[in-house]
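# Got a predicted model here, sequence first, then my questions.
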Amino acid sequence: MDTNHIVNINYSENISPDTGYSEIVKQAVLSSLQSENVDLRCVVNVLITDDQEIRRYNKKYRDIDKATDVLSFQMQEFKHAGWSGRGNIEIDEETGELPLGDIILSVETVTKQADEYENSLEYETVYMIIHSTLHLLSYDHEDTENEKIMQNRKNSILSEMGYASDK
């Protein structure tokens, strides 16, 4: 299935762009969409930022005044988690693309977490981007059952990408 999804990656002005890091982020999004059998051309926007900026987003949109690792802003309606649960999706009439959502990642927090969990920065980044992409597809971890389902999907995608998934 070659859908040519679009992953737009931007860096906040105080973070130096890194093409290697961008490629890791892009591959994590694309692998997640492929694993979920997303068969419409989707657009996912990713902002790589720091703790100060993600804290502002967290405060503004979630009323939580602290930095976090990643935020997901879903743009489509799903009846249940996963691509099969898509509901009244809104395809851009001009481009024929489906705006799936936005991800904001604090490389600062992800770096701290990688150290804390004794993971590589690459692994921690991939893990968080998969997590966030699954949120765009309506997966959540609001209760034990949903958390287990989401964790299983993350582990499966990590494995498909060649990463050990013992977390």
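Alright, I've got the coordinates. Residues are numbered from 1 along each chain as shown.

# Which residues does stretch 142-157 contact?
Stretch 142-157 has contacts (Cβ atoms under 8 Å, 6 or more residues apart in numbering) with 31-32, 35-36, 81-82, 127, 130-131, 134, 139-141, 165, 167. C-beta here means a position set from N, CA and C on the backbone, and glycine is covered the same way.

# average pLDDT for that stretch?
On average, the pLDDT along stretch 142-157 is 94.

# Which residue ranges of the protein form strands?
6-11, 42-49, 70-74, 98-106 (DSSP state E).

# Can you add mean pLDDT and distance to Asp18 and give the ones you listed back as TSV?
Output for these, formatted as TSV (pLDDT from 0 to 100; distance: least, Cβ to Cβ, whole Å):
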stretch	mean pLDDT	distance to Asp18
strand 6-11	97	8
strand 42-49	98	8
strand 70-74	98	17
strand 98-106	98	12
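
# Reformat these into TSV and put mean neighbour count and distance to Lys59 next to each item.
As requested, those are arranged in TSV below (neighbours: other Cβ atoms under 10 Å; distance: least, Cβ to Cβ, whole Å):
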stretch	mean neighbour count	distance to Lys59
strand 6-11	17	20
strand 42-49	23	14
strand 70-74	18	11
strand 98-106	23	13
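
# how about those strands in JSON lines, adding distance to Asn152?
As requested, these are exported to JSON lines (distance: least, Cβ to Cβ, whole Å):
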{"stretch": "strand 6-11", "distance to Asn152": "24"}
{"stretch": "strand 42-49", "distance to Asn152": "22"}
{"stretch": "strand 70-74", "distance to Asn152": "18"}
{"stretch": "strand 98-106", "distance to Asn152": "21"}
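
# Out of those strands, flag the one nearest Glu116.
Distance to Glu116, taken as Cβ to Cβ, is lowest for strand 98-106 among the strands of the chain, at 14.1 Å.
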